[in-house]
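1. Build me a structure from this.
(one chain, ligands or ions: 1)
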Amino acid sequence: SRAWHLVARPHGWPRAEDFALRETPLTAPAEGRILVRNQHYSVDPYMRGRMNDVKSYVPPFQLDQPMDGGAVGEVIASNDPAFAVGDTVLHGLGWRDYADVPAKHAKKVDASLAPLSAYLGVLGMPGLTAYAGLLEVASFKEGDAVFVSGAAGAVGSQVGQIARIKGASRVIGSAGTDDKVKLLTEEYGFDAAFNYKKGPVAEQLKEAAPDGIDVYFDNVGGDHLEAAISRLNLHGRITICGMISGYNDTQPIPGPRNIVQVLGKRLRMQGMIVTDHQALQPQFVQDVASWIASGELKYRETFVDGNENGLDAFLGVLRGDNTGKMVVNPTR
Ligand code: NDP
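-> Below is the predicted model:
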């Protein structure tokens, strides 16, 4: 089995030398464990934070240890009565081709209900982030105008579509290529979208949202957050979900220069961590599965084959190579 190890803590953009793909022999699972052939594993922006040695809501990756994260695959050997060979499971030992998983940390998933990769994306952690971040954290209500950044990504594409389905008056998204922008308006039903690399965010947002916005779902931070504060209407809400534009910064960047507007407009800005919203999981799966079935909600995935390409897939997420959820197929 081959697993990606963190061997040095990146300073700024991660470099290939900070990682190593190391081999360990496959052994039969001990009591209470199962051996899983990972069909897909997830590479996510939050993993960049885990490469730093800082206390956060998830512990940092340990040096010279395999990295971990969401994965789905098939049980190929079981030493636990709860699992049989052939079961498909979701678990937390990604970044490797084969995983020796404690049975209590694995959850059976139904491969006949949805493609397995969906449990890492549209029906998984990023999906719940979008659902909870919009409906609960931002207190979305019918008639709100919603702006989401990172809108062609896993979380963002779902935020915009859920807002549309739930009766937003206007849905606006930003993304980093013209193709992504086209996807937002032509396939996902956004009312307006723009390429943030093509001009100042503040000007492009103003044009896209002439009557202002009521909710800003922030995946990006930086100038996007500043522009959104300027466009928010009275009693507007901001969900701080992520700030990917700063994940490789070595110095903290200055905050929004217009922060004083929070006061006059009585804005509410709230951070979120998806794991606090597990109570919404059943409702989330029921709603999203039915919207996918009816064709109201669409999603894309970007697949990278080969465990040896897992690191590049992760870096690709930070570069914007992905449309929708980035997924590695380590055993293909
Ligand atoms: P995405 O699928 O959205 O992939 C990340 C995208 O970010 C890239 O495709 C790229 O798209 C965009 N991006 C990269 N650099 C920049 C930049 N400098 N400025 C603007 N956009 C940039 O990832 P996820 O959907 O998994 O995650 C989206 C956000 O949500 C992240 O910030 C992540 O940390 C956060 N998150 C937070 C959770 C929570 O519990 N709080 C849970 C899950 C995710 P483009 O081509 O458009 O630049």
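2. Roughly how far does Ala145 sit from Pro45?
-> Here the distance between Ala145 and Pro45 works out to 26 Å (Cβ to Cβ, to the nearest Å). Glycine gets a C-beta too; all of them are placed from N, C-alpha and C.
3. do Glu203 as well
-> Glu203 is 26 Å from Pro45, by Cβ to Cβ.
4. got the CA positions of the host helix or strand of Asp223 in CSV?
-> Using DSSP states H and E, Asp223 sits in helix 222-231. Presented in CSV, the C-alpha positions along helix 222-231 are these (Å, rounded to 0.1, in the frame of the first residue of the first chain):
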residue,chain,number,x,y,z
GLY,A,222,-9.7,39.2,0.7
ASP,A,223,-11.1,41.5,-1.9
HIS,A,224,-14.2,39.4,-2.3
LEU,A,225,-15.1,39.9,1.3
GLU,A,226,-14.5,43.7,1.1
ALA,A,227,-16.6,44.0,-2.1
ALA,A,228,-19.4,42.0,-0.5
ILE,A,229,-19.5,44.2,2.6
SER,A,230,-20.0,47.2,0.3
ARG,A,231,-22.8,45.6,-1.6
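5. residues of that helix that come out buried?
-> Using 16 or more other Cβ atoms under 10 Å as the test for burial, helix 222-231 gives Gly222, Asp223, His224, Leu225, Glu226, Ala227, Ala228, Ile229, Ser230, Arg231.
6. Of those residues, which ones also sit close to the ligand?
-> Contacts with the ligand are made by none of the buried residues of helix 222-231, judged by Cβ under 6 Å from any ligand atom.
7. between these, which is closest to Gln261?
-> Ile229 (5.3 Å; Cβ to Cβ).
8. how about the residues of the stretch 1-150 of the chain near the ligand?
-> Residues of the stretch 1-150 of the chain lying near the ligand (Cβ under 6 Å from any ligand atom): Asp44, Pro45, Tyr46, Pro126, Thr129, Gly150.
9. the more surrounded of Glu203 and Pro45?
-> In terms of neighbours (other Cβ atoms under 10 Å), Pro45 is the more surrounded of Glu203 and Pro45; the figures are 20 against 11.
10. Excluding sequence neighbours, find me the nearest residue to the more buried one.
-> Computed as Cβ to Cβ, 6 or more residues apart in numbering, the closest residue to Pro45 that is not its neighbour in sequence is Ile244, at 5.1 Å.
11. is it true that that neighbour touches Leu318?
-> Yes: using Cβ atoms under 8 Å, Ile244 is in contact with Leu318, at 7.2 Å.
12. follow-up on the earlier one: what angle separates the next helix or strand after the helix holding Asp223 from helix 222-231?
-> Where DSSP H and E defines the elements, the next helix or strand beyond helix 222-231 is strand 232-240. When axes from the mean of the first three to the mean of the last three Cα atoms, to 10 degrees is applied, the directions of strand 232-240 and helix 222-231 differ by 150 degrees.
13. helices or strands next to the host helix or strand of Val36 in the packing?
-> With secondary structure defined by DSSP H and E, Val36 is part of strand 33-42. Where contact means 3 or more Cβ pairs under 8 Å, 6 or more residues apart in numbering; DSSP states H and E, strand 33-42 is packed against strand 71-78, strand 88-91, strand 98-102, strand 325-329.
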